[in-house]
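J.: Model the following, please.
(one chain, ligands or ions: 1)
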Amino acid sequence: MALAHDGVTPNDLDPLWLPFTPNDSFKRRPRMIARAKGMHYYTPEGREILDATAGLWCCNAGHGRDPIVKAVQDQVAELDFAPVFQYAHPKAFETASRIAALAPSDLDHVFFANSGSEAVDSALKIALAYHRYNGDGTRTRFIGRERGYHGVGFGGISVGGMVNNRKFFGPLLAGTDHLPHTYNRDEQAFTKGEPEWGAHLADELENIVALHDASTIAAVIVEPMAGSTGVLPPPKGYLKRLREICDRHGILLIFDEVICAFGRLGASFAAERYGVIPDMICFAKGITSGVIPMGGVICRNHVHDVINGEAEDHEIRLFHGYTYSAHPMACAAALATLNLYRDEGLFENSKRLEPVFADACHSVRDKCSSVQDIRTLGLAAAFDVEPIEGKPGKRGYDAVEYAFHDVGIMLRVSGDTICLTPPLIATEDHIAEMVEKTAKVIAHIS
Ligand SMILES: Cc1ncc(COP(=O)(O)O)c(C=O)c1O
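T.: The predicted model follows:
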């Protein structure tokens, strides 16, 4: 459909096919964003929209941050592109070093990709290569988890556990299995932080191992906190148990921290918050605060060394990589972002605000009777709104529309679950405002 052409809004919305969006209804009433600064987006008409989602869980340092803008501008003038197949550039090494220094334990080696989906595919391939170089080439199975989201590559949707992301796309990657998800409303409803109930669900991995035999399993991949299916915090002790079972059976453990990393849970990584060290961490989003696409995998020494050790001078050991791995502009953005996180204490701010945020979000329970559960962890929250019978997702979609057009807030929904994941620069006032606006939206759609 056409919009009046005023130099800012386009006059033909038809050619663009938007991902994960009902295109027709969007184009009838677009939610168009023209500008961003700090905690806010602005429409082409100049209307202010409070960003309660850090874009798409990625703009952790807020929007339009001068040091990141300047770093990217300088970088494009100095070195626009350099390949990292057989060549490299200094900021690629510097960025890897900074990420490795931030990661706990001996998570010391960084393989770069350009997105969370690519990070996940890279980690799965690294796991296979590791076992093969280790003389364990029969270990080819991957174990994911129900309600997990690991991006949209064939690897990611195979280990992922979101039905709509899988059911259209055939048999997927062969030889995957899934742990049960960790959510149980009867046991966990309205918990702040990690629920007490559910650590025993990690023991299901023992049953999966018994079924397939450990000698066929390469890796287990989980999000420490499942984000995209509506903020499912790990039950207390669950991740530790998964680690123990993986160790017992020689299975690699991969944490997909595309959402959790870089301060969302009040620490550099969820691995640090929980004191559980996986063999690999997938990251993306917050590494550049969403400014330039970047993702990657952080590997522990043994993973890296088995694959890269004892190579002939001419020998490539891992046949994998992306043209834009460690793109100079992504590295410049990442370095400036990591400086901001450090200099402004943004992970600490996230940690400090966690109880304030949790109390504010849970106060919605008394105001809105249609809310079936509220979950909070770090600076992430989810509100389960009762679905309309026969129309799952309708209330969620209405929430996004009403919030944007009438209330001036950007929300993220998963079905009928409304999620808040603000930039880490948020203040107490921002939190109060976003929770008040969210309650207004929930009251309207209920
Ligand atoms: C845990 C997790 N993994 C992977 C991805 C995929 O990231 P991308 O959309 O950058 O491919 C996401 C995106 O939200 C995610 O939340």
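J.: Show me what counts as buried in stretch 297-308.
T.: 297, 298, 299, 300, 303, 304, 306, 307 (16 or more other C-beta atoms under 10 Å). Backbone N, C-alpha and C define where each C-beta goes, glycine included.
J.: farthest pair in those residues?
T.: Maximum pairwise distance in the buried residues of stretch 297-308, criterion C-beta to C-beta, is 15.8 Å, between 298 and 306.
J.: residue contacts, the residue in the stretch 51-200 of the chain that the ligand sits nearest to?
T.: Per C-beta to the nearest ligand atom, the residue of the stretch 51-200 of the chain with the smallest distance to the ligand is residue 116, at 2.2 Å. Each residue near residue 116 by C-beta atoms under 8 Å, 6 or more residues apart in numbering is listed here: 150, 151, 256, 258, 282, 283, 284, 285, 295.
J.: distance of it from residue 390?
T.: With distances taken as C-beta to C-beta, to the nearest Å, residue 116 is found 33 Å from residue 390.
J.: these two touch, right, residue 297 and residue 118?
T.: No: using C-beta atoms under 8 Å as the test, residue 297 is too far from residue 118 to be in contact (9.3 Å).
J.: who does the residue of the stretch 301-446 of the chain found nearest the ligand bridge with?
T.: Residue of the stretch 301-446 of the chain nearest the ligand, by C-beta to the nearest ligand atom: residue 412 (9.8 Å). Taking DSSP bridges as the rule, residue 412 bridges to residue 419.
J.: Residues of the stretch 251-400 of the chain that sit close to the ligand?
T.: 256, 258, 259, 284 (C-beta under 6 Å from any ligand atom).
J.: ok, these vs residue 443, which is closest?
T.: residue 259 (27.8 Å).
J.: Just the pLDDT at the closest residue to the closest one other than its chain neighbours, thanks.
T.: Nearest residue to residue 259 in three dimensions, chain neighbours excluded: residue 227, at 3.9 Å (C-beta to C-beta, 6 or more residues apart in numbering). Per-residue confidence (pLDDT) for residue 227: 96.
J.: doesn't residue 379 make contact with residue 227?
T.: No: contact criterion C-beta under 8 Å: residue 227 and residue 379 do not qualify, at 11.7 Å.
J.: Where does residue 422 sit, in terms of helix or strand?
T.: Using DSSP states H and E, residue 422 maps to neither a helix nor a strand.
J.: Tell me who's in contact with it.
T.: 39, 51, 52, 53, 54, 379, 430, 431, 434.
J.: For the residue in the stretch 201-350 of the chain positioned nearest to the ligand, which non-adjacent residue is spatially closest?
T.: For the stretch 201-350 of the chain and the ligand, the shortest gap (C-beta to the nearest ligand atom) falls at residue 258, measuring 3.5 Å. Nearest residue to residue 258, sequence neighbours excluded (C-beta to C-beta, 6+ apart): residue 116, at 3.7 Å.
J.: now the end-to-end length of stretch 191-210.
T.: Stretch 191-210 has an end-to-end distance of 33 Å (criterion: C-alpha to C-alpha, to the nearest Å).
J.: buried ones in that stretch?
T.: Residues of stretch 191-210 classed as buried: 191, 192, 194, 195, 198, 199, 201, 202, 204, 205, 208, 209 (neighbour count, 16+ other C-beta under 10 Å).
J.: how far away is residue 219 from residue 405?
T.: 44 Å.
J.: which one of those two has more residues nearby?
T.: Higher neighbour count among residue 219 and residue 405: residue 219, with 26 against 13, using other C-beta atoms under 10 Å.
J.: and that one, what element?
T.: Taking DSSP H and E as the criterion, residue 219 maps to strand 217-222.
J.: Give me the distance from the helix or strand following that strand to the chain's centre.
T.: Next along the chain after strand 217-222, taking DSSP H and E as the criterion, comes helix 238-249. Helix 238-249 sits 22 Å away from the centroid of its parent chain (C-alpha atoms, centre = their mean, to the nearest Å).
J.: Packing partners of helix 238-249?
T.: The contact analysis (3 or more C-beta pairs under 8 Å, 6 or more residues apart in numbering; DSSP states H and E) places helix 238-249 against helix 204-212, strand 217-222, strand 252-256, helix 270-274.
J.: if I pick the closest residue in space to residue 275 that isn't next to it in sequence, what's in contact with it?
T.: Once flanking residues are discounted, residue 275 sits nearest to residue 240: 7.7 Å by C-beta to C-beta, 6+ apart. Residue 240 makes contact with 274, 275, 276, according to C-beta under 8 Å, 6+ apart.
J.: Against residue 207, how distant is residue 240?
T.: 19 Å.
J.: Would you mind giving the secondary structure of residue 332?
T.: helix (DSSP: H, G, I helix; E, B strand; the rest coil).
J.: How about it, nearest residue that isn't a chain neighbour?
T.: Nearest one to residue 332, counting by C-beta to C-beta, 6+ apart, is residue 75 at 3.5 Å.
J.: and the one you found, that one's in a helix?
T.: Yes: with three-state DSSP as the criterion, residue 75 is located in a helix.
J.: thought it was touching residue 330?
T.: No: using C-beta under 8 Å, residue 75 is not in contact with residue 330, being 9.2 Å away.
J.: what separates the nearest residue to residue 23 once chain neighbours are set aside from the ligand, distance-wise?
T.: Take residue 23 and drop its neighbours on the chain: the residue closest to it by C-beta to C-beta, 6+ apart is residue 17, 6.5 Å away. Remark: distance between residue 17 and the ligand (C-beta to the nearest ligand atom, to the nearest Å) = 16 Å.
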